[in-house]
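**Q** Give me a model of this one.
(one chain, ligands or ions: 1)
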Amino acid sequence: MHKIPGPPRVPLLGHMVAMYKSPDKIFEHLRIWNKIYGRLWRLDGAHIHTIHLTHPEDVELILSTTAYNQKDLPYTFLQGWLGEGLLVSNGDKWHQRRKMLTPAFHLKILNKYFSVLCEHTQELLVTIENELNKGKIDVVPLISKATLLIMCETALGAKPHEIPSINSYIQSIHKIGECVVKRLIKPWFLVDFIYGLSFTARQERAVLPDLHNFTKNIIERRRRKRNRNTATGIQENNVNEVKATMLDILLDEEAKGTINDKGIREEVDTFLFEGHDTTATALAFMMMRIANEPDIQDSICEELQDIFGDSQRSPTIEDLSKMKYLECCIKESLRLYPSVPFLSRYLTKEVVIAGYTIPKNTYVDLHVFDIHRDPEVYPEPEKFRPERFLPENTAGRNPYSYIPFSAGPRNCIGQKFATMMIKTLMSGILRKYRLEPITRPEDLVFIADLVLRTNHPIDVRFRPREHLTSN
Ligand code: HEM
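**A** Prediction:
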């Protein structure tokens, strides 16, 4: 281990001093160290040793097998909120829950969600129209609200009018993210007792009831509705409602005794966060980037014109499968702006990586953001080039050089649904509006957080397409 390169260490403190920085500086420094030390390097803080990886072959070694898919820090910092939900659980519990929840993402079920996606797209277009007079719109809160409402209705069966306090739920998630990052950079916060006494812990404790009550109310409402339907013999099929939501699958399992109320709440909290925040992040960055790439935006619109002509009709699932160029743009956007910029694993057994023997109890951080910017794999990596993802250009590329949804047995369970959401919302927006740049790619200052965020708004101007020819 001691032969592995890394930034200079301070005796006893290791790299703790180097890591004690603001969230934007941490993000920047991790990137600088990736550049200086390359494929494999090391950071130590107190008794914690972390290996940092940026090479697809090493990433494959870790992600392709269940042998190295244990999660520990920083995921354990989320346990006050997400308990032992799928994102943070390990071992048999993770395996059993993953098996239980996989049917909720079967294509047949996702297709049933499609009409809900279309309705929410229309509502988003109305919201945008109402905000046009502002001249520019910060797309992060706009899209976060839309994806949260979509997740509530599809995964949990809750209609918008049944959901209170959406804005405060979103703010509470941001607050938790800040607490996790503060806990990571202050090694004394690794001691639960010390952390518990801190102002940050008090902030975390203050927002947890908001987060938990939000989902608890939705679960209770669904339970009561199901009980009423059972009592009156109504089948959800007959009431024109999306059935077999993820929550219904969990409530069915509860009836069989394979999960309890606490387990249901853990999974609902996990899905709601993972499902809406990552997708909103992906969409927000994509809208900003497309606004800055007028030729690419024109090409997407030509494809949409070929599919829809001048019709205002709603899309169908078949239409989505024809949006090949838009799909390449989504992939290219997720390459440049992966919603989850870092992944972390905890080694429970020794592994040899790039000739170094890494002992067990070491953390392994995978730098998705920089893996996606390797100039050997993606020449001129900062350029937005959707054609990188045309089938003829991906042949022969190591699949672990593109991991916005992670990869292997612990990959993102919601990947197909996320892509469907992004395609539906993005195509709906671009059919009605031309996106024009306010925030530029070079203005972005990323910060270390649970998902990729910036320390400033991401603004875009929306110009109605019917006005374009006359203006
Ligand atoms: C663009 C949107 C999305 C992106 C980029 C994304 C990305 C990811 C990534 C990178 C992971 C692995 C995290 C890790 O190992 O630390 C993950 C896991 C997960 N994602 Fe997503 N995700 C997206 C959308 C969704 C959606 C829509 C859902 C649910 C409906 C979802 C549910 C989950 C869950 C439950 C896990 C944990 C899986 C496990 O550990 O077995 N995600 N996601």
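**Q** From Leu336, how far out is Pro5?
**A** 27 Å (CB to CB, to the nearest Å). All C-beta spots, glycine's among them, are computed from the backbone N, C-alpha and C.
**Q** Tell me which of the two has more neighbours.
**A** Leu336 (22 against 12; other CB atoms under 10 Å).
**Q** Let me know whether the more buried one touches Met286 as I believe.
**A** No: applying CB atoms under 8 Å as the test, Leu336 and Met286 come out as separate, 9.2 Å apart.
**Q** Mind naming the longest helix for the protein?
**A** Identified as the longest helix of the chain according to DSSP state H is helix 199-232.
**Q** List the buried residues in it.
**A** Residues of helix 199-232 classed as buried: 200-201, 204, 207, 210-212, 214-216, 218-219, 221-222, 225-226 (neighbour count, 16 or more other CB atoms under 10 Å).
**Q** what do you get for stretch 119-130?
**A** Buried, per 16+ other CB under 10 Å, within stretch 119-130: 120-121, 124-125, 128.
**Q** I'd like the average pLDDT over it.
**A** Looking at stretch 119-130 alone, the average pLDDT works out to 96.
**Q** May I have the residues that are in contact with Tyr195?
**A** Counting by CB atoms under 8 Å, 6 or more residues apart in numbering, Tyr195 touches 183, 189, 201.
**Q** and the ligand, which of these contact it?
**A** Among the contacts of Tyr195, not one lies near the ligand by CB under 6 Å from any ligand atom.
**Q** which of those lies closest to Val460?
**A** Val460 lies nearest to Arg183 out of the contacts of Tyr195, by CB to CB, at 33.0 Å.
**Q** Could you pull up the residues touching that closest one?
**A** Arg183 makes contact with 74, 77, 189-190, 195, 200, according to CB under 8 Å, 6+ apart.
**Q** Just those residues: which are in helices?
**A** 195, 200.
**Q** I'd say Phe214 and Ile170 touch.
**A** No: counting by CB under 8 Å, Phe214 does not reach Ile170; the two are 10.0 Å apart.
**Q** measure Arg228 to Thr245 for me?
**A** To Thr245, Arg228 is 16 Å away according to CB to CB.
**Q** now swap in Ala104 and tell me
**A** For Ala104 relative to Thr245 (CB to CB), the value is 7 Å.
**Q** now swap in Ile353 and tell me
**A** Using CB to CB, we find Ile353 at a distance of 41 Å from Thr245.
**Q** Show me which of these two is the more surrounded one.
**A** Each of Ile353 and Thr245 has its neighbours counted (other CB under 10 Å); Thr245 has more, 23 against 20.
**Q** what's the neighbour count on the closest residue to the more buried one other than its chain neighbours?
**A** Counting by CB to CB, 6 or more residues apart in numbering, Thr245 lies nearest to Gly157, which is 4.4 Å off, once chain neighbours are set aside. By other CB under 10 Å, 24 other residues sit near Gly157.
**Q** hang on, the earlier thing: which secondary structure elements does the longest helix of the chain sit against?
**A** Other helices and strands packing on helix 199-232, by 3 or more CB pairs under 8 Å, 6 or more residues apart in numbering; DSSP states H and E, are helix 79-82, helix 139-156, helix 166-185, helix 246-256, helix 261-291.
**Q** Recalculate using a threshold of 6 Å.
**A** Under the contact criterion of 3 or more CB pairs under 6 Å, 6 or more residues apart in numbering; DSSP states H and E, helix 199-232 touches helix 166-185, helix 261-291.
**Q** chain center to it: distance?
**A** Its chain's average C-alpha position is 22 Å from that of helix 199-232, according to CA atoms, centre = their mean, to the nearest Å.
**Q** Begin at 5 from now on, thanks
**A** Sure thing, new numbering starts at 5, so read that last one as helix 203-236.
**Q** residue of the chain with the smallest distance to the ligand?
**A** Gly418 (2.3 Å; CB to the nearest ligand atom).
**Q** Read off the pLDDT value for that residue.
**A** 94.
**Q** which residues touch the residue nearest to the spatial centre of the chain?
**A** Residue closest to the mean C-alpha point of the chain, counted by CA atoms, centre = their mean, is Thr282 at 2.2 Å. Contacts for Thr282 (CB atoms under 6 Å, 6 or more residues apart in numbering) come out as 343, 455.
**Q** gap between it and Met155?
**A** In terms of CB to CB, Thr282 sits 11 Å off from Met155.
**Q** and if you look at Ile300?
**A** Between Ile300 and Met155 the computed distance is 28 Å (CB to CB).
**Q** Give me the more crowded residue out of the two.
**A** A count of neighbours by other CB under 10 Å puts Met155 above the other of Ile300 and Met155, at 26 against 19.
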